[in-house]
Each structure stands twice: as structure tokens, then as C-alpha cells.
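just a sequence and a predicted model for now, questions to come.
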Amino acid sequence: MEVLGLSLPLVEPGDDLPSLILKAADQIGGLHDGDVVVVASKVVAVAAGRIRELARVRPSTKARKMAKRSGQIPEFVELVLREADRVLRVCRGAILTIKDGIICANAGVDLSNAPAGKAILLPRHPDKAAESLRLALSSGSGARVGVIIADSVVHPLRLGTVGQAIGTAGLEPVIDVRGRPDLYGKPLKITYRAIADQLASAAQVVMGEAGERIPVAVVREAEVELVDKPRTSPKIPPRRCIYFGGLKL
């Protein structure tokens, strides 16, 4: 398996992101059948105009109170409250939320890699955005590809970020390996492989988190199943989550 980073020009609102990716893919000989294209959520969001000027945001009373607890500016907190499906906890420097079925900091609202005075939101309907990218990239290249929209997350009791798939298209994001024998012939009972998340993390090793300007990576010769309509979803309800289910929030 290879992970091949693609350098793109600075993406602006309204840019034709598939065309930029297809042009950048010339760096690696174009897209091939079986490639999985991992795209940073920020460039998807920026191209779709998901940028907000903080000066134009009017914070609510709730946002101002929460900002004092978190140490963040009220305008930013107001955007977090608007974007979050649920606020779980407020701590110094971050607000823990649920957004689109994913536990994340600040509902994905981010000031990093954003122009001064602006915040970038997560893409709307990430799976639909991934499917739109997949269709455009497949049509433009003639290759059958999968697409992952990736964002950074932190795991409980771990320092640092890893990649996570917030949107997928054209591949099975989770593989059910229950019933397969382990090294000693015992059948696995509960194991699923989060392939999309694993590929997102592999891609982020190449893509980076700061000013690398490699917002897209192509994972080549990965053993993944490309499908038009995936049967599985990486999301589970809170009651099934071993971290979330037992917490009193």
C-alpha cells in the first residue's frame, strides 16, 4: 500500500475542488482503479463556502457565559452552539460536542488554517459531499475510486490527533470480521475493522496538520472493497459506545 500526497493551490470558496484534485493527480500519474482519495474536511468546507466571519456573529447570552468557562471568544462559541447537535461538556480551551453522530471538539468549528478573523465549519452532509466528489473524480479520470472526507479527532486518554472519516463514498467503511479465526483458531466475537478511519489516519501522516498544503492523499493498492452503495456505517448510537454509554453527562 502507498499513500501519495497531492499538493493543491490554496482553495478558495467556489473553487471546483474535483478539478483541482484531478489536476494535482498528474503528480502521481493520475488516478487508478482502486484508489481511495482522502480529502481534508477543511478544503471541502472552504470550497463549499462554509466559512464565517467572526465579526459578523452576534453571540447569545449562553455563548458569552460558556466562553468565560472555556476561555474562547464568544463569537466562536456562538458558532459552536449553532453547529453542535449536542453539547456534552465545557472545559478550558474546548467544548465537547456531538456533531453528525460524531463526538468532537467544538462541533468541528476551527480557527486553524483559516484566514484571520474567520472560522471554518465542517462540510454539510459529509457522506453526500463525499459521493459528489467520487462521481466527479471517477467521471473525470475514468477510474473507479473511493472517497473519504477526513478530519482530526482526539481519542480518550490519548495525547494528539488522529484522522477520522467523517464522510465516505464508494467503499465499505467498516469490515465485519466476527466469526473469522484468530491465530489459534478461535472465532472473533466482536471485532469490526474501521477501514475508513484507518485509511484517514494513514493519509494524515502525509497530509499533516499545519502549513504543509497537502490537503489530499491517494491511498493506492489498499485492500478495500469498492462499492456503489456501502452496506455499513461507522456510526453507532451512544448506548452502544463503550466510552459514551456509561458516562453520566
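Arrived safely.

wait, what's in contact with Glu114?
Quick fix: residue 114 reads Ala, not Glu. Lys42, Ile51, Ile120 (C-beta atoms under 8 Å, 6 or more residues apart in numbering). Bear in mind the C-beta positions are built from the backbone N, C-alpha and C, glycine included.

could you export stretch 70-79 as CSV, CA atoms only?
C-alpha atoms of stretch 70-79 as CSV (Å, rounded to 0.1, in the frame of the first residue of the first chain):
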residue,chain,number,x,y,z
SER,A,70,-13.9,27.7,28.1
GLY,A,71,-11.6,30.7,27.6
GLN,A,72,-12.7,31.0,23.9
ILE,A,73,-14.1,34.1,22.3
PRO,A,74,-17.9,34.5,22.4
GLU,A,75,-18.3,34.7,18.6
PHE,A,76,-16.5,31.4,18.2
VAL,A,77,-18.6,29.8,20.9
GLU,A,78,-21.8,31.0,19.3
LEU,A,79,-20.8,29.2,16.0
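
roughly how far is it from the heart of the chain?
Computed by C-alpha atoms, centre = their mean, to the nearest Å, the separation of stretch 70-79 from the middle of its chain amounts to 22 Å.

who touches that stretch?
Residues outside stretch 70-79 that contact it (C-beta under 8 Å, 6+ apart): 52, 54-55, 57-60, 63-64, 66-67, 80, 90-95, 106-107, 109, 111, 119, 121.

what's near enough to touch Thr232?
By C-beta under 8 Å, 6+ apart, the neighbours of Thr232 are Glu172, Pro173, Val174, Ile175, Asp176.

Ala143 now?
Ala143 sits next to Gly30, Leu31, His32, Asp33, Gly34, Asp35, Leu137 when contact means C-beta under 8 Å, 6+ apart.

which one of these is nearest Val46?
Nearest to Val46 out of the contacts of Ala143 is Leu137 (C-beta to C-beta; 17.9 Å).

how about that closest one, secondary structure?
helix (DSSP: H, G, I helix; E, B strand; the rest coil).

got the contact list for it?
Contacts of Leu137 by C-beta under 8 Å, 6+ apart are Pro18, Ile21, Leu22, Leu31, Val37, Ala143, Val145, Val147.

mark which of the contacts of stretch 70-79 are buried, thanks.
Buried by 16 or more other C-beta atoms under 10 Å: 52, 54, 57, 59, 63, 66-67, 80, 90, 94-95, 106-107, 109, 111, 119, 121, out of those.

strands - which of the contacts of Leu137 land there?
Val37, Val147 (DSSP state E).

show me which of the contacts of Leu137 are buried.
Pro18, Ile21, Leu22, Leu31, Val37, Ala143, Val145, Val147.

reformat these as CSV; add pLDDT and distance to Leu157.
Formatted as CSV, the buried ones among the contacts of Leu137 follow (pLDDT from 0 to 100; distance: C-beta to C-beta, whole Å):
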residue, pLDDT, distance to Leu157
Pro18, 98, 39
Ile21, 98, 36
Leu22, 98, 41
Leu31, 97, 38
Val37, 98, 32
Ala143, 96, 40
Val145, 97, 36
Val147, 98, 31
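
looking at these, spot the one nearest Cys241.
Closest to Cys241, out of all of the buried ones among the contacts of Leu137 and judged by C-beta to C-beta, is Val147, at 25.7 Å.

the closest one touches Asp35, doesn't it?
No: using C-beta atoms under 8 Å, Val147 makes no contact with Asp35, being 9.6 Å away.

no further questions, thank you.
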